[in-house]
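Visitor: quick one, fold the following:
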Amino acid sequence: MKFVLIFGPQAVGKMTVGQELSKITDLKLLHNHMTIDLLEPFFGFESETWRLSTLFRGEMMNSFAKSDNYGMIFTYVWAFNDDEDWKFVENICKIFESEDAEIYFVELEADLDQRVIRNKTPNRLEQKPTKRNIKQSEEELLSSLDAYRLNSDPGEITRKNYIRINNTELSAEEVASMIKKKFKL
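Guide: Here you go, the predicted structure:
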């Protein structure tokens, strides 16, 4: 079993890279909005959405880690200045580690101008209903710069299977190919 965590700021390309990686491997993709967008129509972006989303993800990962599947890709916006996000990442990794899975960390970064463009792509808007209000989504993307640190500091990620990719000028296919090659997926 393999568990690939793709993380980085909003609109950096996590889901799209995950989609491409799943096409060229036997990994299954669970992008973070699959649970958020399920719950948001019922609870908005209130605490109940986040609580239930965390529960769903945990239960799904527990079952998946015990399965005969090759592995899972999960995408996540990790706020490095938030202890709860660190605990969440630690907990989901423990789920897979308890089943002897190999864990891989993929950090994506891209220039802000490129992220603003990617925030409006048809694939993103099709896959993530809560991002279809582009004005609100862009405001959230920009305001998060003041509240959160969404890329790690040098040396902060200490896992052996870790790669950081600046994908500002790279296609999702190129990045997926790099990840597959680096980790022999």
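Visitor: need the helix or strand of the protein with the lowest average pLDDT.
Guide: helix 122-127 (a mean of 77; mean pLDDT, DSSP states H and E).
Visitor: so which residues of this structure form helices?
Guide: Secondary structure of the chain, counting by DSSP state H: helices at 14-24, 33-43, 47-65, 83-97, 112-118, 122-127, 134-147, 172-183.
Visitor: what's the closest non-adjacent residue to the residue minimising distance to the centre of the chain?
Guide: Nearest to the mean C-alpha position of the chain, counting by Cα atoms, centre = their mean, stands T75 at 1.6 Å. Nearest residue to T75, sequence neighbours excluded (Cβ to Cβ, 6 or more residues apart in numbering): K14, at 3.9 Å. Placement of C-beta: from N, CA and C, glycine included.
Visitor: which residues touch the residue nearest to N119 when sequence neighbours are not counted?
Guide: Nearest in space to N119, with sequence neighbours left out and distances taken as Cβ to Cβ, 6+ apart, is A11 at 4.1 Å. When contacts are counted by Cβ atoms under 8 Å, 6 or more residues apart in numbering, A11 touches R115, V116, R118, N119, R124, L141.
Visitor: now for the longest strand seen in the chain, which elements pack on it?
Guide: Identified as the longest strand of the chain according to DSSP state E is strand 102-109. Strand 102-109 sits against strand 2-7, helix 14-24, helix 83-97, strand 162-166, helix 172-183, with contacts defined as 3 or more Cβ pairs under 8 Å, 6 or more residues apart in numbering; DSSP states H and E.
Visitor: out of those, deepest packed?
Guide: Mean neighbour count (mean count of other Cβ atoms under 10 Å) peaks for strand 2-7 among the helices and strands packed on strand 102-109, with a mean of 24.
Visitor: got a list of what N161 touches?
Guide: E102, I103, Y104, F105, F183.
Visitor: R118 now?
Guide: A11, V12, G13, A110, R124.
Visitor: how near is V175 to L29?
Guide: From V175 over to L29 the distance is 14 Å, taken as Cβ to Cβ, to the nearest Å.
Visitor: what does K66 give?
Guide: 19 Å.
Visitor: quick check, pLDDT for the residue nearest to the centre of the chain.
Guide: Per-residue confidence (pLDDT) for T75: 98.
Visitor: also S47?
Guide: 87.
Visitor: what count of nearby residues applies to it?
Guide: S47 has 9 neighbours, counted by other Cβ atoms under 10 Å.
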